[in-house]
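*Asks:* Next input, structure requested:
(one chain, ligands or ions: 2)
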Amino acid sequence: MIRVLLVGHRGKYAAVVQNFGNNPKWEFVFAEDKKHGSKIYEEAGEVFDIVVLGLGMAINHSQEFYQEIKRSAADKKMSMPIVLWISSLKHSELSALGFYAANLYNKFIPEDTECLQQQIYDAISITLEEVSAVAAKHYNRVSIERIKEHNYVNCDLFLKLSESKFVKIINADEMFTPEIIDNYRNKGVEYLHVRLEDYMRFSDFIYSSLKSKFKISAGNDHEVVHKDLEMTSFVLETINNLKLDEETVKTLHEIGHSSIQMVKRNPSLKQLLEKAQQQKGYIYSHSLLISYISGTIAMKMQWASFQTLQKLGLAAILHDVVFDNERLAKIDNLGKIDYQNFTISEVNEIKKHPLLAKELIDKMKDLPPDVSSIVSAHHERFDGQGFPRALTGQHISQITALFIVAEDFVNTIFEYKKLDRESIHQISTRLKEKYDMGNFKRPYEGMLQTLNEML
Ligand SMILES: [Fe+2]
Ligand SMILES: [Fe+2]
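*Replies:* Ligands and ions are numbered 1, 2, ... in the order given. Sure, this is the predicted structure:
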């Protein structure tokens, strides 16, 4: 939620605020005058992202208030809120006060502007948008549970105070005690934040220290996974069936989460993904499951570097993202299509979807190149019977082979619904016939190991 404090004549702000309607994404708080504003600011100043200041106020009062919030931020070693200042001051006077330097998003509206109400409304709207983008641009969240397992981490950790304000609570490489983390947890803090530029390095640190713990055991942590990824019950049930240990599930879960976050930074992919998420249907649960299963296989193959898991996770989230019809997404063999039930253009859509997805992915510059090649080849088969390019086994890379085995397995569980001893046995036999060779051999063995541990 974005919190806006409006200081000045309440009546004059009323029309502006009314225009925003009742959107739960932001909250407006009024302070009639400087005194009232100071009181609110003293008590909980840090929760405000934006301060709108000056409407109907004496110029010296609004200047004093501005200096006050500046001082308060400096005392608390925090960044300034964004200030929209409606004022009779000149531009040059504001600059002299350091107004523009204090926060990049600060805005000044001359008091004698025509259509002042409209200008204020526009300025607040733009700023609300900017604030929503700030956090996404600079920080990535990390579950506090994850941090608790360590006594130091390799980058600075931040606490989120508001949408635009983050305060550093732990320095990179500094030792901390579980009590410190528990303290925040007890206050209801579920996530801490790391700078975006630190995130990859941070994840590597976290995962390498977890790697030694990758082993299968009974029981896992449903609640954490469920709350965060809003997974369908089918996905949860299957992960439970896999009997992965808590650490493994958490790692895979964070990979899934960070993949989704990364994808959402691209506007066109974001739209497609959100649509799939909202439907919560076959395509989304199938994609999540592939992310989990392919990650599990990679771990079994001793190939679980953060980069590998991330590539698989991203490919899983994206491979079928261009479909909006699950009927089409369920087809994995062009040879088996019943043309009574599918039109030519539907068949064409099926055939082209790996390349269409590849095109979209190639536009995202910050993704590792393997993601695009996995996605473009996810329907190729060892025997050259796949599509769209009918590649043969030796032209399919090992990471793509791993993905293909994982997707085949996921399709199989959708088919079987229940995984008992007999079905696991049948699945193993079928996978052996198709994949016990070439680049597919090691992924197949990893899958087999996972299956055997389910028995
Ligand atoms: Fe798929
Ligand atoms: Fe597909």
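
*Asks:* any idea how far residue 245 is from residue 239?
*Replies:* Residue 245 sits 11 Å away from residue 239, going by Cβ to Cβ, to the nearest Å. In this view, the C-beta of every residue, glycine as well, is placed from N, C-alpha and C.

*Asks:* whoops, residue 154 was the one
*Replies:* Counting by Cβ to Cβ, the separation of residue 154 from residue 239 is 29 Å.

*Asks:* same thing with residue 369?
*Replies:* 29 Å.

*Asks:* between the two, who's got more neighbours?
*Replies:* The neighbour count for residue 369 versus residue 239, taken as other Cβ atoms under 10 Å, is higher for residue 239 (23 against 10).

*Asks:* In three-state terms, label the closest residue to residue 109 other than its chain neighbours for me.
*Replies:* Among residues not flanking residue 109 along the chain, residue 86 sits closest, at 4.7 Å (Cβ to Cβ, 6 or more residues apart in numbering). Of the three states, residue 86 takes strand according to DSSP: H, G, I helix; E, B strand; the rest coil.

*Asks:* Can you give me the neighbour number for residue 86?
*Replies:* 24.

*Asks:* thought it was touching residue 8?
*Replies:* Yes - between residue 86 and residue 8 a contact is recorded at 7.5 Å, counting by Cβ atoms under 8 Å.

*Asks:* Quickly list what's touching both of these two.
*Replies:* Residues touching both residue 86 and residue 8 (Cβ atoms under 8 Å, 6 or more residues apart in numbering): 52-55.

*Asks:* out of these, which are inside strands?
*Replies:* Using DSSP state E, the subset of the shared contacts of residue 86 and residue 8 located in strands is 52-55.

*Asks:* ok, of those, which one's closest to residue 188?
*Replies:* Nearest to residue 188 among those: residue 52, at 28.6 Å, using Cβ to Cβ.

*Asks:* tell me the contacts of the closest one?
*Replies:* Counting by Cβ under 8 Å, 6+ apart, residue 52 touches 4-8, 13, 83-84, 86, 120, 124.

*Asks:* Roughly how far does the residue nearest to residue 109 sit from residue 407?
*Replies:* From residue 86 to residue 407 the distance is 57 Å (Cβ to Cβ).

*Asks:* got it, and residue 96?
*Replies:* Counting by Cβ to Cβ, the gap from residue 96 to residue 407 is 63 Å.

*Asks:* Pick out whichever of these two has more residues nearby.
*Replies:* residue 407 (23 against 10).

*Asks:* if I've got this straight, residue 109 is in a strand?
*Replies:* Yes - membership of residue 109 in a strand is supported by three-state DSSP.

*Asks:* pLDDT value on it, please?
*Replies:* We have a pLDDT of 88 for residue 109.

*Asks:* Could you measure from residue 427 over to residue 242?
*Replies:* Distance, residue 427 to residue 242, using Cβ to Cβ: 13 Å.

*Asks:* List phi and psi for residue 432.
*Replies:* Dihedral angles of residue 432 (phi, psi; degrees, to the nearest 10) stand at phi -60, psi -40.

*Asks:* Kindly tell me how buried it is, as a neighbour count.
*Replies:* Neighbour tally, residue 432, other Cβ under 10 Å: 14.

*Asks:* In this structure it contacts residue 447, no?
*Replies:* No - the pair residue 432 / residue 447 is not scored as a contact, 10.0 Å apart, by Cβ under 8 Å.

*Asks:* Now render the shared contacts of residue 86 and residue 8 as CSV, adding pLDDT and distance to residue 235.
*Replies:* Converted to CSV, the shared contacts of residue 86 and residue 8 look like this (pLDDT from 0 to 100; distance: Cβ to Cβ, whole Å):
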residue, pLDDT, distance to residue 235
52, 95, 44
53, 94, 49
54, 93, 52
55, 91, 51
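
*Asks:* returning to what we had before: next, give me the two most distant ones among the contacts of residue 52.
*Replies:* The widest separation within the contacts of residue 52 (Cβ to Cβ) is 14.9 Å, between 13 and 83.

*Asks:* the more surrounded of the two?
*Replies:* Taking other Cβ under 10 Å, residue 13 and residue 83 do not tie; residue 83 has more neighbours (25 against 22).

*Asks:* What is the neighbour count of the residue lying closest to residue 416 once chain neighbours are set aside?
*Replies:* If the residues on either side of it in the chain are set aside, residue 416 comes closest to residue 423, at 4.7 Å by Cβ to Cβ, 6+ apart. Neighbour count for residue 423, taken as other Cβ under 10 Å: 15.

*Asks:* same thing with the one 10 residues further on?
*Replies:* As a burial measure, the neighbour count of residue 433 was computed by other Cβ under 10 Å and equals 8.

*Asks:* For stretch 273-284, list every residue counted as buried.
*Replies:* Of the residues in stretch 273-284, 273, 276-277, 282-284 count as buried by neighbour count, 16 or more other Cβ atoms under 10 Å.

*Asks:* An error on my part: the question was meant for stretch 5-18.
*Replies:* Judged by neighbour count (16+ other Cβ under 10 Å), stretch 5-18 contains these buried residues: 5-8, 10, 12-13, 16-17.

*Asks:* returning to what we had before: can you name the two of the buried residues of stretch 273-284 that are farthest apart?
*Replies:* For the buried residues of stretch 273-284, the farthest-apart pair by Cβ to Cβ is 273 and 282; their separation is 14.8 Å.

*Asks:* Break down the stretch 251-400 of the chain into its helices, ranges please.
*Replies:* In the stretch 251-400 of the chain, the helices defined using DSSP state H, counting those that start in this stretch lie at 267-279, 282-300, 306-318, 326-329, 344-362, 369-376, 398-416.

*Asks:* Identify whichever of the ones you listed lies nearest to residue 453.
*Replies:* Taking Cβ to Cβ, helix 282-300 is the member of these nearest to residue 453, at 9.1 Å.

*Asks:* What's the mean pLDDT across the closest one?
*Replies:* pLDDT averaged over helix 282-300 gives 89.

*Asks:* and it, what does it pack onto?
*Replies:* helix 233-241, helix 246-263, helix 267-279, helix 306-318, helix 326-329, helix 398-416, helix 441-454 (3 or more Cβ pairs under 8 Å, 6 or more residues apart in numbering; DSSP states H and E).

*Asks:* how far away is residue 411 from residue 332?
*Replies:* 6 Å.

*Asks:* Could you do residue 347 as well?
*Replies:* According to Cβ to Cβ, residue 347 stands 13 Å off from residue 332.

*Asks:* Equivalent analysis for residue 278, please.
*Replies:* Counting by Cβ to Cβ, the gap from residue 278 to residue 332 is 24 Å.

*Asks:* just residue 182 next, same as before
*Replies:* Distance from residue 182 to residue 332, counting by Cβ to Cβ: 48 Å.

*Asks:* again, but for residue 20
*Replies:* Counting by Cβ to Cβ, the separation of residue 20 from residue 332 is 48 Å.

*Asks:* one step back: select only the buried ones of the ones in strands among the shared contacts of residue 86 and residue 8 in PyMOL?
*Replies:* Restricted to buried positions by 16+ other Cβ under 10 Å, the PyMOL selection for these reads:
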select buried, resi 52+53+54+55
